[in-house]
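> sequence? don't have it. structure:
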């Protein structure tokens with residue numbers, strides 16, 4: 001082999017090696033350029049806003065009241081120790097003055113009364129006999145008269161005791177309460193057993209769950225009354241402070257949470273137990289700055305609002321006035337046209 005052929009073979013081998021080297025480099029991973037962080041757009045806050053403006057605001061007390069008799073008599077026994085024999089009426093019954101609504105067990109009173117009636121009759125006969133036989137003997141006649149009078153006094157005493165075992169209505173009306181007692185139960189003095197109400201004299205009675213719910217209600221305040229979709233006018237005629245004194249604890253507790261309303265032109269179909277919606281405006285102001293209650297914030301005795309200025313919020317201390325169920329009067333701290341941020 002000539003020198004020229006050897007040089008050509010070496011050159012061919014070198015070229016193949018270089019080609020293989022280049023091919024081997026092509027399978028190595030190519031470094032990528034680092035990714036740039038994405039641009040985060042700032043989230044724009046969405047506020048629920050209210051523009052401060054002038055308006056009217058009222059504080060109201062509303063509820064459902066029930067018609068009750070303005071004249072109710074509570075019947076009770078005046079002595080303790082007796083046992084119930086019967087209650088002769090039921091809730092809703094009509095009664096007349098003089099009707100016996102309940103009785104106590106009289107024991108042997110009726111027998112003693114009959115025996116005493118006989119004793120009175122006997123004393124009468126003895127007195128008549130003495131008048132015939134002992135004319136002129138004034139002492140003997142006086143003794144017979146004393147015997148008769150003594151027998152009559154005892155008879156009257158027994159009859160009064162029997163009357164005390166009867167509970168009698170002193171008015172015409174309907175039964176609006178019956179104490180849940182059974183035959184033989186002991187009876188306490190002055191504990192109401194039955195109440196009788198006059199259905200011709202009625203007023204609306206509202207009993208709140210808490211006495212504080214009636215704060216602001218005063219005598220003679222106007223009342224809007226609605227009975228079966230009909231509108232009526234009324235007046236407050238009794239509040240807890242003016243309720244009549246009573247020794248009955250149950251009535252005392254009820255009066256502390258109750259108001260009484262007189263309704264003008266009472267409809268004929270209204271009766272004891274009929275319900276009616278009522279509204280009393282206890283305080284009202286016109287032409288004042290008003291915002292929704294959701295715009296007022298309170299913390300540790302501080303009242304403030306958040307207002308929007310430009311694109312930022314700012315806290316502003318305020319002085320509140322009337323607070324209704326949905327709105328608040330702002331007396332100081334805000335001006336008409338400002339934008340108040342409402343609580344979400």
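Ah, there it is. From a predicted model like this one, the values you see are computed outputs, not experimental measurements.

> Now do the strands in the stretch 101-250 of the chain.
Under the criterion DSSP state E, counting those that start in this stretch, the stretch 101-250 of the chain contains strands at 166-168, 173-178, 194-197, 202-207, 222-227, 230-238.

> what's in contact with the fourth one?
Which is strand 202-207. For strand 202-207, the surrounding residues in contact (C-beta atoms under 8 Å, 6 or more residues apart in numbering) are 63-70, 225, 234, 237, 254, 257-263, 266, 270-272, 276, 278. All C-beta atoms are positioned from the backbone trio N, CA, C, and that covers glycine.

> now do the third one
Residues from elsewhere that reach strand 194-197 (C-beta under 8 Å, 6+ apart): 68-69, 71-75, 87, 89, 95, 101-102, 167, 169, 171, 173-179, 272.

> now swap in the longest one and tell me
Residues outside strand 230-238 that contact it (C-beta under 8 Å, 6+ apart) are 203-204, 217-226, 258-267, 276, 278, 280.

> Buried members of those residues into PyMOL, please.
If you want just the buried ones from the contacts of strand 230-238 in PyMOL, going by 16 or more other C-beta atoms under 10 Å, the selection is:
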select buried, resi 203+204+217+221+223+225+258+259+260+261+262+263+266+276+278+280
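
> ok so, going back, quick one, which of the strands of the stretch 101-250 of the chain gets closest to residue 160.
strand 166-168 (11.1 Å; C-beta to C-beta).

> lowest-pLDDT helix or strand in the chain?
Across the helices and strands of the chain, mean pLDDT, DSSP states H and E gives its lowest value to helix 3-25, namely a mean of 49.

> what's the next secondary structure element after that helix?
Next along the chain after helix 3-25, taking DSSP states H and E as the criterion, comes strand 49-51.

> what packs against that following strand?
If you count contacts as 3 or more C-beta pairs under 8 Å, 6 or more residues apart in numbering; DSSP states H and E, strand 49-51 packs onto strand 339-341.

> The strand it packs on packs against which elements?
Secondary-structure packing of strand 339-341 (3+ C-beta pairs under 8 Å, 6+ apart): strand 49-51, strand 302-309.

> Looking at those, spot the one closest to residue 337.
Evaluated over the helices and strands packed on strand 339-341, closeness to residue 337 peaks at strand 49-51, with 6.3 Å, by C-beta to C-beta.

> if we can go back for a sec, return the most buried member of the helices and strands packed on strand 339-341.
For the helices and strands packed on strand 339-341, the largest average neighbour count (mean count of other C-beta atoms under 10 Å) is found in strand 302-309, namely a mean of 16.

> Report the angle between the helix or strand following that strand and strand 302-309.
Once the chain leaves strand 302-309, the next helix or strand it forms, by DSSP H and E, is strand 312-317. If you take axes from the mean of the first three to the mean of the last three C-alpha atoms, to 10 degrees, strand 312-317 sits at 150 degrees to strand 302-309.

> Next, the buried residues of strand 312-317.
Neighbour-count burial for strand 312-317 flags residue 316 (criterion: 16+ other C-beta under 10 Å).

> Output the strands of the stretch 101-250 of the chain as a markdown table; include the columns mean pLDDT.
Shown next, in a markdown table, are the strands of the stretch 101-250 of the chain (pLDDT from 0 to 100):
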| stretch | mean pLDDT |
| --- | --- |
| strand 166-168 | 92 |
| strand 173-178 | 89 |
| strand 194-197 | 91 |
| strand 202-207 | 92 |
| strand 222-227 | 94 |
| strand 230-238 | 93 |
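
> how about the ones you listed in TSV, adding distance to residue 58?
As requested, the strands of the stretch 101-250 of the chain are exported to TSV (distance: least, C-beta to C-beta, whole Å):
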stretch	distance to residue 58
strand 166-168	49
strand 173-178	35
strand 194-197	35
strand 202-207	19
strand 222-227	12
strand 230-238	16
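
> Point out the most buried one among those.
strand 194-197 (a mean of 23).

> list the contacts for the residue nearest to residue 190 when sequence neighbours are not counted?
Distances taken as C-beta to C-beta, 6 or more residues apart in numbering put residue 76 closest to residue 190, at 5.1 Å, once the chain neighbours are dropped. By C-beta under 8 Å, 6+ apart, the contact list for residue 76 reads 167, 189, 190, 191, 192, 193.

> Residue 76 and residue 187: what is the separation?
According to C-beta to C-beta, to the nearest Å, residue 76 stands 9 Å off from residue 187.

> same thing with residue 142?
43 Å.
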